[in-house]
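Undergrad: coords below, sequence missing:
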């Protein structure tokens, strides 16, 4: 099976609000899959099996099994990063 075998399939992305291809989800962030890909694609093909075949186990676990970061945590991280940038500019 080709790594790109399912890239042509499309579903509605709950984050973007429109149709996206599996190829988009497969390499969304820095070439890594979208963490929500298992939820969005399970009804189209055996997506978990696919990713277990093409990703190393540690990568699979980091992307799909890590607890999600809450909105509050993301906001606090963004504020902290902005404060660090301001310190660096001074």
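TA: In hand now; what should we look at? On a predicted model such as this, the values are computed, not experimentally measured, just so you know.
Undergrad: how many neighbours does the nearest residue to residue 51 once chain neighbours are set aside have?
TA: In space, residue 51 comes closest to residue 60 once its chain neighbours are excluded; the distance is 5.8 Å by CB to CB, 6 or more residues apart in numbering. C-beta here means a position set from N, CA and C on the backbone, and glycine is covered the same way. Counted with other CB atoms under 10 Å, residues neighbouring residue 60 total 17.
Undergrad: Residue 58 too?
TA: Taking other CB under 10 Å as the definition, residue 58 ends up with a neighbour count of 8.
Undergrad: Other residues contacting stretch 48-63?
TA: Applying CB atoms under 8 Å, 6 or more residues apart in numbering, the external contacts of stretch 48-63 come out as 1, 3, 6, 32-33, 35, 37-38, 42, 64.
Undergrad: Tell me who's in contact with the residue nearest the centre of the chain.
TA: Per CA atoms, centre = their mean, the C-alpha nearest to the average position across the chain is that of residue 34, at 1.6 Å. Taking CB under 8 Å, 6+ apart as the contact definition, residue 34 lies against 25, 28, 40.
Undergrad: Let's test this: mean pLDDT of stretch 5-17, rounded?
TA: The average pLDDT for stretch 5-17 rounds to 93.
Undergrad: Roughly how far does residue 22 sit from residue 56?
TA: Noted for residue 22: a distance of 20 Å to residue 56, by CB to CB, to the nearest Å.
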